[in-house]
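Q: Sequence isn't available, so here's the structure alone:
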């Protein structure tokens with residue numbers, strides 16, 4: 001009996017150890033094209049049932065997606081306004097997503113992160129695999145990795161980093177299930193991101209989150225990410241940090257590393273009109289309006305283009321593994 005008790009204790013300890021080392025980053029795989037290349041479009045801050053030019057942005061996304069033969073779509077969060085989804089049966093999902101992004105080229109996987117507005121709703125609902133059965137394109141997780149051979153995409157849940165959502169909710173409630181206790185959650189997430197980046201042998205390393213790290217827009221820099229996430233992605237030679245949150249299109253080059261900070265948050269309501277004129281260091285492009293971004297990746301070059309609601313090219317750049325040149 002004593003031996004049996006010791007066995008149970010050992011099993012319990014092993015289970016606890018397994019839980020303590022298991023990663024918060026689920027790994028997914030996505031194939032590249034036959035020639036080894038990859039292309040995708042990026043949209044953020046979009047879900048408004050087609051209003052505020054959401055439908056016009058979707059139309060142009062479809063056209064660009066067809067032209068460059070995209071492999072998938074990335075959403076940088078704030079997927080459903082103003083307060084996320086209420087349940088797995090919320091009709092807002094179809095009204096703001098399925099019935100808006102109808103172009104043939106957009107019928108690919110959508111890799112989504114959560115934004116602060118999504119956290120105001122039922123987060124567990126938005127993460128529910130049921131939506132993948134309603135619309136096979138939908139993939140939404142807190143933090144995860146998409147491995148595409150040519151590049152690895154590290155999707156990071158940034159909302160729990162921001163102090164004000166916990167300290168000053170401004171009459172909003174947030175669904176913190178799954179991220180409490182907060183300190184332990186963030187510590188584990190940062191450790192997992194750091195380890196995954198260190199182990200990555202991908203040609204391109206791209207981190208995706210909702211909140212800004214560098215921005216001259218309405219929200220500006222997110223200090224918590226500057227202090228906690230930025231040192232990790234700088235140390236691990238990340239090529240791009242892609243985000244939404246500021247409802248604009250933006251490109252800022254790091255002056256201390258190879259990182260390009262790319263904001264694609266113009267999926268619907270925009271035109272804030274306020275800029276941080278003192279935070280322009282490294283700024284290459286800023287557009288305070290609706291639109292989206294495309295990326296075409298090959299082994300040695302990444303072509304990035306920003307578009308407005310008419311499909312007009314606003315800004316383009318090529319990255320040659322750490323060296324960029326505006327086109």
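A: Happy to help now that I have it. None of these values were measured; they are calculated from a predicted model.

Q: What segments of the chain are helices?
A: 2-21, 54-68, 92-93, 123-126, 130-134, 164-167, 182-199, 223-228, 230-235 (DSSP state H).

Q: who touches residue 193 in this structure?
A: 25, 143, 154, 156, 207, 229, 232 (Cβ atoms under 8 Å, 6 or more residues apart in numbering). Bear in mind the C-beta positions are built from the backbone N, C-alpha and C, glycine included.

Q: State the number of residues packed around the fifth one.
A: Residues within reach of residue 207, counting by other Cβ atoms under 10 Å, total 25.

Q: can you tell me which residues contact it?
A: 153, 154, 155, 156, 193, 229, 233, 238, 240, 241, 242.

Q: give me that answer again for 7 Å
A: 154, 156, 233, 238, 241 (Cβ atoms under 7 Å, 6 or more residues apart in numbering).

Q: Between all of these, which two are separated the most?
A: The distance between the two most remote of these (Cβ to Cβ) is 11.0 Å, for 156 and 238.

Q: picking up where we left off before, using CSV, lay out the contacts of residue 193 together with distance to residue 87.
A: Converted to CSV, the contacts of residue 193 look like this (distance: Cβ to Cβ, whole Å):
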residue, distance to residue 87
25, 27
143, 23
154, 29
156, 26
207, 31
229, 31
232, 35
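
Q: In strands, which of those fall?
A: 154, 156, 207 (DSSP state E).

Q: Of the residues you listed, which is the nearest to residue 183?
A: Of the ones in strands among the contacts of residue 193, the one sitting nearest to residue 183 (Cβ to Cβ) turns out to be residue 156, at 16.8 Å.

Q: ok, residue 156 and residue 238, which is more surrounded?
A: Per other Cβ under 10 Å, whichever of residue 156 and residue 238 has more neighbours is residue 156, with 26 against 23.

Q: Would you mind giving the helices of the chain as CSV with distance to residue 298 added?
A: Formatted as CSV, those follow (distance: least, Cβ to Cβ, whole Å):
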stretch, distance to residue 298
helix 2-21, 36
helix 54-68, 12
helix 92-93, 35
helix 123-126, 34
helix 130-134, 30
helix 164-167, 39
helix 182-199, 22
helix 223-228, 29
helix 230-235, 22
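
Q: Relative to residue 43, which of those helices is closest?
A: Nearest of the helices of the chain (Cβ to Cβ): helix 54-68, 6.5 Å.

Q: From the contact counts, what lies against the closest one?
A: Judged by 3 or more Cβ pairs under 7 Å, 6 or more residues apart in numbering; DSSP states H and E, helix 54-68 is in contact with strand 38-43, strand 292-297.

Q: Indicate which one of the ones you listed is closest to residue 94.
A: Here strand 38-43 is closest among the helices and strands packed on helix 54-68 (Cβ to Cβ), at 17.3 Å.

Q: packing partners for that closest one?
A: Short answer (3+ Cβ pairs under 7 Å, 6+ apart): strand 38-43 packs on helix 54-68, strand 72-75, strand 292-297.

Q: Sounds good, over and out.
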